[in-house]
Each structure stands twice: as C-alpha cells, then as structure tokens.
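Chemist: Just a sequence and a predicted model for now, questions to come.
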Amino acid sequence: MSDFLNFLNIGCSEAVSIMGESIKINGQVLNAVFDEEVSKWDMNEYGDNDSPELKLVISILDINKLPKKKDRFTRMATGETFFITQINTSTGNVEIEARNETKLNVK
C-alpha cells in the first residue's frame with residue numbers, strides 16, 4: 001500500500017508542477033492549481049466583489065509546513081493576497097479554500 005501512496009503523491013507533485021502557478025505561503029514559494037470555476041464572485045450593486053473566494057490544491061510533497069486556517073498567501077502572478085478559510089488533506093494534496101483580501105470591496 002505504501003508504494004501506491006508514494007505513486008499518488010509523486011503523481012500529484014508532478015501534475016502541480018506542470019499545471020500550477022506560483023504562490024508564496026509561510027515563506028515558501030511553490031506551485032498551486034487554482035479551481036476558479038467554483039469561486040463565488042458575487043457582485044453587489046456597485047460592481048464590487050462581495051465574497052471573492054476560491055479553492056486551490058498544493059502537492060503535499062512540495063510543502064515544508066502545512067498551512068493553517070487564517071494563514072495568508074500571495075499569488076505571485078497577480079500580487080493578490082489570500083486569507084485561508086478552510087484546509088483539507090487528501091492523498092497527495094492539500095486542498096485550501098481562501099478569500100481574496102486584495103479584492104474585498106476596494107473602494
């Protein structure tokens with residue numbers, strides 16, 4: 001069974017390195033795959049984002065220290081800062097739900 005888990009963990013790490021984009025979390029720069037199709041980008045009457053949330057996945061092999069709720073990370077390509085609201089671990093992955101602090105009702 002451990003060979004199978006190793007296979008899954010390595011596969012997840014390789015997939016994230018191909019499909020991911022750089023984030024900086026807990027002082028470490030690594031790749032994450034963003035799932036923005038599940039994002040809640042509800043607009044209010046002024047056209048601002050009320051609840052800009054998204055999900056992302058990080059390979060468990062690539063991260064030195066597991067993040068915690070309330071930790072923050074930066075999306076390197078855009079400079080946006082995110083606040084972690086939920087964390088789950090699964091085989092090979094750390095799944096994170098986060099809120100975009102940069103786009104929260106900037107007026």
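Modeler: The structure has been received and is ready for your questions. What you see is a predicted model; the values in this text were computed from it and never measured.

Chemist: Every contact and neighbour count from this point should use C-alpha atoms.
Modeler: Will do.

Chemist: ok, Ile84 to Ile58 distance?
Modeler: 13 Å (CA to CA, to the nearest Å).

Chemist: between those two, who's got more neighbours?
Modeler: Neighbour count, other CA atoms under 10 Å: between Ile84 and Ile58, Ile58 has more, with 25 against 21.

Chemist: Could you confirm that one falls within a helix?
Modeler: No. Counting by DSSP: H, G, I helix; E, B strand; the rest coil, one finds Ile58 to be strand, located in no helix.

Chemist: helix, strand or coil for Asp35?
Modeler: Classified using three-state DSSP, Asp35 is strand.

Chemist: Please apply the same query to Cys12.
Modeler: helix.

Chemist: count of neighbours near it?
Modeler: 20.

Chemist: Ala15 is in contact with Glu21, correct?
Modeler: No. Assessed by CA atoms under 8 Å, Glu21 is found out of contact with Ala15, at 11.4 Å.

Chemist: Can you tell me how far Thr81 is from Ser90?
Modeler: Look at Thr81 and Ser90: by CA to CA, they are 24 Å apart.

Chemist: what residue ranges in the protein score low on pLDDT?
Modeler: Along the chain, segments meeting pLDDT under 70 span 1, 4-5, 7-9, 36-51, 104-107.

Chemist: just the strands in it please.
Modeler: Using DSSP state E, the strands assigned to the chain run over residues 21-25, 28-40, 53-59, 72-75, 80-90, 93-100.
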